[in-house]
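Peer 1: here is my input; please provide its structure:
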Amino acid sequence: MNNNNNSSIRHREFPISQLRNIGIAAHIDAGKTTLTERVLFHTGAIHRVGEVHDGNTTTDFNPIEQSKGITIFAAAVSCTWTPRDESVLGMAKLAAGVPHRFNIIDTPGHVDFTAEVERSLRVLDGAVTVFSGVEGVQPQSETVWRQADKYRVPRLAFVNKMDRTGADFARVVAELNEKLGANAWPVLWPLGSEDKLAGQLDIINEVAILFREGRAGGYAIEDVPPEARALVASQRAELVSRIAELDDEVAALWLQNQPVSALLLKAAIRRVTIANRFVPVVGGSAYKFVGVQPLLDAIVDYLPGPADLPAVETHGLDGMERITVAAEDAGPLAALAFKIATDPTTGRLVMVRVYSGTLRKGDRVLNPRTGREDRIGRLVRVHADRREEIAAAFAGEIVAVAGLRGFGTGDTLCGVEYPIMMEPPVFPEPVVSMAIEPARSTDNQRLAGHLQMLSEDDPTFRVSTHPETGQTLIAGMGELHLEVVRERLRTEFGLETGVGAPEIAYRETITAEAEADYLLRKQSGGSGMYARVILSVRPSGRGAGVTIENRVTGGNIPSQFHSAVRKGIEEAARGGVLGYPLVDAEVRILDGAAHVKDSNEPAFRLAAAEAMRMALRRAGPVLLEPIMKVELSTPLEHQGDLLADLNRRRGKVLGIENRPTGAVVNAEVPLGELWGYANAIRSLSRGRAAYSMTPAHFEPVPDAVASTVLKDAA
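Peer 2: This next block holds a predicted model:
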């Protein structure tokens, strides 16, 4: 079916230039969900404001999120914002009076749910990254920033919690530049801080925005107070200087010492922000309703719409032909499935970002990964836990498709007559696993089915069967991740489960170069098995994985057996010689031999696997363990006890930073030593310390610990 010739389909509600697909992302407890709630209130999408501590916010609607007080699942909401025309004191706006549709995704801040952030950033055009004015740049802030860098997502920084004791806006801006390497500078500076936070200083328009007390959200535009005029003047001069380094139009005026108007400066900031060369910074307090409306204006002014970004690059089914598709309704259909969700009322929902073309009810779409076609049943626009049925989705929009089978996270939806593939998001490997079983043995089949469904929802959650014990194993990003899986089984499917002790996702690598020559020769009456494989292994850099290079010449291993040799090597690498997946090694297939009658694919696969194991045993195999980057915040009086506890856990302290609220300890600690850490620090600090952790890298396990791990595994 042609995607562009149905005259009965409704027109766009908003032109593509008036769309903003944005994510709100940050470290846990920086205030993302509170900010989202204020945005929905000020845009009129909700009429009563919920609070995270009351468990009644719009985007944290899942009972598990409400009980834990954190965001676990990325939630999509839509709202409309019209920047107001503030003629008072000549306040310039780029898009005054023009309504804009915001598609917002509120993402989790906890490291265990980083996949939700990954897949959201893959399909968003811009992001508001939230930082606490007290804690500043935290570990998960850095992770989110790197994810946004990977997908080249333009950003706007919101320094939140400026009403809190110890908030320091200038320090956080400095950390953005130093720790994240961002070219960041304020456009809206908070007026006052802590209990004296009164509003914002508009650096570009050189006015003060004063907010009224309470939730009404009203504000007034006034002259800059005398005591703040020098600050605004110096900040504006520095802002113009920074933009002049990036934008020719501003540079021409700056070099001639000519004034730069507010509108011209805003337009230049928009250009360099969309080009990922600059990050505007806004200060405020979502909880106190300070600075939310100006932040919405800044989203319109500085973050891109779908048509502001370069055309999306896809490729043909052969993986070779590069095809670019522009954000046009009349173009070929190119959409990406970025999230699968199970809804109690609508069933299986596939969240889709449409990059090009028009997606309509009844259309047939192709999944180029599987080669299967399916029909679009229902299209809905998602508002957190509510659904609005729509007739069509146009280029640039984010919608959900109900009833679509055979599509998973990262799959492309395209027209049958124009098959193309888009790059899927890439997810980290699980680091923790445990055995799980139903409380009642009669529920084994139900458990298997529901676990399979949850693994389709979450690409970092894996289900497997232990090859020796037959136990069902679940693997994820951390203790909390697997705890939430069990909670979902109980609350959504009525399944009580029991679990074994958590297991670490160890890896193994090699420390030396080695070679092996293995000959497989079997004769059992009829045709036999014959294959000889000579290969070498050597260490490679951390994070390099396993690379295989074929150096066989002269046809000693016939070309029809090359894939079998590779499969054998990959099979041996998955199990290693210590019992864990091999990483960071280079394998070179050097030579071999074949028999005219007795050589076949199974023979070469087995010979290659055994040669690989021989080489690994000779190459000094060592066990690797995941190391976590830990940031621990504690009052000074408990610092000594907590440092001693880190030392007992084989932690390596990287630095200690003193802040008005206490000390912040940065350390690297093996994941295996962090079980029960939350309870330990709660006890040692009388509930006053807090920590967060993110994966850092893998390191060799000390010999004494390695022997215990291998003994327990055996």
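
Peer 1: let me know the distance separating Gly408 from Ile243.
Peer 2: Distance of Gly408 to Ile243, computed by CB to CB, to the nearest Å: 43 Å. Any C-beta I mention is one placed from the backbone N, CA and C, and that applies to glycine too.

Peer 1: nope, Thr273 is what I was after
Peer 2: Distance from Thr273 to Ile243, counting by CB to CB: 10 Å.

Peer 1: now do the contacts for Ala30.
Peer 2: Ala30 is in contact with Gly109, Val130, Phe131, Ser132, Glu135, Gln138, Ser141, Asn160, Lys161, counting by CB atoms under 8 Å, 6 or more residues apart in numbering.

Peer 1: please identify which of Gly408 and Ile243 sits among more neighbours.
Peer 2: Between Gly408 and Ile243, Ile243 has the larger neighbour count (other CB atoms under 10 Å), namely 25 against 16.

Peer 1: where are the low-confidence patches of the stretch 51-200 of the chain?
Peer 2: By pLDDT under 70, the weakly predicted segments of the stretch 51-200 of the chain are 51-74, 87-90, 109-112.

Peer 1: so where do the helices sit in it?
Peer 2: For the stretch 51-200 of the chain, helices defined by DSSP state H, counting those that start in this stretch occupy the ranges 63-68, 114-123, 139-150, 169-179.

Peer 1: for the longest helix along the chain, name the packing helices and strands.
Peer 2: When the chain is parsed with DSSP state H, its longest helix is helix 601-618. Judged by 3 or more CB pairs under 8 Å, 6 or more residues apart in numbering; DSSP states H and E, the packing partners of helix 601-618 are strand 514-522, strand 529-539, helix 562-575, strand 585-593.

Peer 1: quick check: Arg440 vs Leu180, distance?
Peer 2: Note on Arg440: its distance to Leu180, by CB to CB, is 50 Å.

Peer 1: now do the strands in the stretch 1-150 of the chain.
Peer 2: 19-26, 75-81, 100-106, 126-132 (DSSP state E, counting those that start in this stretch).

Peer 1: so which of those is nearest Gly687?
Peer 2: Nearest of the strands of the stretch 1-150 of the chain to Gly687, taken as CB to CB: strand 126-132 at 19.7 Å.

Peer 1: who touches that closest one?
Peer 2: The contact list for strand 126-132, computed with CB under 8 Å, 6+ apart, reads 20-27, 29-32, 35, 121, 137-138, 141, 144-145, 148, 153-161, 164, 172, 175-176, 295, 299, 303-304.

Peer 1: winner for burial among the helices and strands packed on helix 601-618?
Peer 2: Highest mean neighbour count of the helices and strands packed on helix 601-618: strand 529-539, a mean of 23 (counted as mean count of other CB atoms under 10 Å).

Peer 1: how about the following helix or strand past that one: buried residues?
Peer 2: Sequence order places strand 546-550 as the next helix or strand after strand 529-539, per DSSP states H and E. Buried residues in strand 546-550, counted by 16 or more other CB atoms under 10 Å: Val546, Ile548.

Peer 1: related to what we said a few turns ago, which of the contacts of Ala30 sits closest to Trp81?
Peer 2: Val130 (17.9 Å).

Peer 1: now that closest one: how far from Ala286?
Peer 2: The spacing between Val130 and Ala286, counted by CB to CB, is 8 Å.

Peer 1: what do those two both touch?
Peer 2: With CB under 8 Å, 6+ apart applied, the overlap between the contact sets of Val130 and Ala286 consists of Gly31, Leu35, Phe158, Asn160.

Peer 1: leaving out chain neighbours, which residue sits closest to the second one?
Peer 2: Nearest-residue entry for Leu35: Ala286, 4.0 Å, with adjacent residues in sequence omitted and distances by CB to CB, 6 or more residues apart in numbering.

Peer 1: quick one: pLDDT of that neighbour?
Peer 2: Ala286 carries a pLDDT value of 91.

Peer 1: remind me, longest strand of the chain?
Peer 2: Longest strand in the chain by number of residues (criterion: DSSP state E): strand 621-634.

Peer 1: same for the helix or strand following it, what does it pack against?
Peer 2: Later in the chain than strand 621-634, the nearest helix or strand by DSSP H and E is helix 639-648. Helix 639-648 is packed against strand 621-634, strand 652-659, strand 662-670, helix 677-684, with contacts defined by 3+ CB pairs under 8 Å, 6+ apart.

Peer 1: any chance of the helices of the stretch 51-200 of the chain in JSON lines, with distance to Ala391 and mean neighbour count too?
Peer 2: JSON lines is the format used below for the helices of the stretch 51-200 of the chain (distance: least, CB to CB, whole Å; neighbours: other CB atoms under 10 Å):
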{"stretch": "helix 63-68", "distance to Ala391": "32", "mean neighbour count": "16"}
{"stretch": "helix 114-123", "distance to Ala391": "22", "mean neighbour count": "25"}
{"stretch": "helix 139-150", "distance to Ala391": "33", "mean neighbour count": "21"}
{"stretch": "helix 169-179", "distance to Ala391": "43", "mean neighbour count": "17"}
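
Peer 1: format these as a markdown table; extra columns: distance to Glu601.
Peer 2: Below are the helices of the stretch 51-200 of the chain laid out as a markdown table (distance: least, CB to CB, whole Å):
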| stretch | distance to Glu601 |
| --- | --- |
| helix 63-68 | 48 |
| helix 114-123 | 36 |
| helix 139-150 | 38 |
| helix 169-179 | 52 |
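
Peer 1: which stretch among the ones you listed comes nearest Ala609?
Peer 2: Comparison of the helices of the stretch 51-200 of the chain against Ala609 by CB to CB identifies helix 114-123 as nearest, at 31.9 Å.

Peer 1: using CSV, list the CA coordinates for the closest one.
Peer 2: The C-alpha atoms that make up helix 114-123 are tabulated as CSV, following Å, rounded to 0.1, in the frame of the first residue of the first chain:
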residue,chain,number,x,y,z
THR,A,114,20.2,3.0,31.8
ALA,A,115,18.7,1.2,28.8
GLU,A,116,15.6,3.3,29.2
VAL,A,117,17.8,6.4,28.7
GLU,A,118,19.7,4.8,25.9
ARG,A,119,16.8,4.0,23.7
SER,A,120,15.0,7.3,24.5
LEU,A,121,18.1,9.4,23.5
ARG,A,122,18.3,7.4,20.3
VAL,A,123,15.0,8.7,19.0
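
Peer 1: just checking: what are the partner strands of the host helix or strand of Ile474?
Peer 2: Using DSSP H and E, Ile474 sits in strand 472-476. Applying DSSP bridges to the sheet, strand 472-476 is found paired with strand 432-438 (antiparallel), strand 462-465 (antiparallel).

Peer 1: quick one, what contacts Ala435?
Peer 2: Applying CB under 8 Å, 6+ apart to Ala435 gives the contacts His466, Thr469, Gln471, Thr472, Leu473, Val499, Gly500.

Peer 1: look at Asp712 and give its secondary structure.
Peer 2: helix (DSSP: H, G, I helix; E, B strand; the rest coil).

Peer 1: not counting sequence-adjacent ones, nearest residue to Arg372?
Peer 2: Nearest non-adjacent residue to Arg372 (CB to CB, 6+ apart): Gly406, at 5.0 Å.

Peer 1: ditto for Ala680
Peer 2: Spatial nearest neighbour of Ala680, excluding adjacent residues (CB to CB, 6+ apart): Asp645 at 6.2 Å.

Peer 1: so where's the stretch 601-714 of the chain uncertain?
Peer 2: In the stretch 601-714 of the chain, residues with pLDDT under 70: 713-714.

Peer 1: can we see that at 90?
Peer 2: When residues are selected by pLDDT under 90, those of the stretch 601-714 of the chain lie in 626, 628-638, 657-664, 671-697, 703-714.

Peer 1: tell me the average confidence for stretch 211-231?
Peer 2: 84.

Peer 1: what is the end-to-end distance of it?
Peer 2: When the termini of stretch 211-231 are compared using CA to CA, to the nearest Å, they are 20 Å apart.
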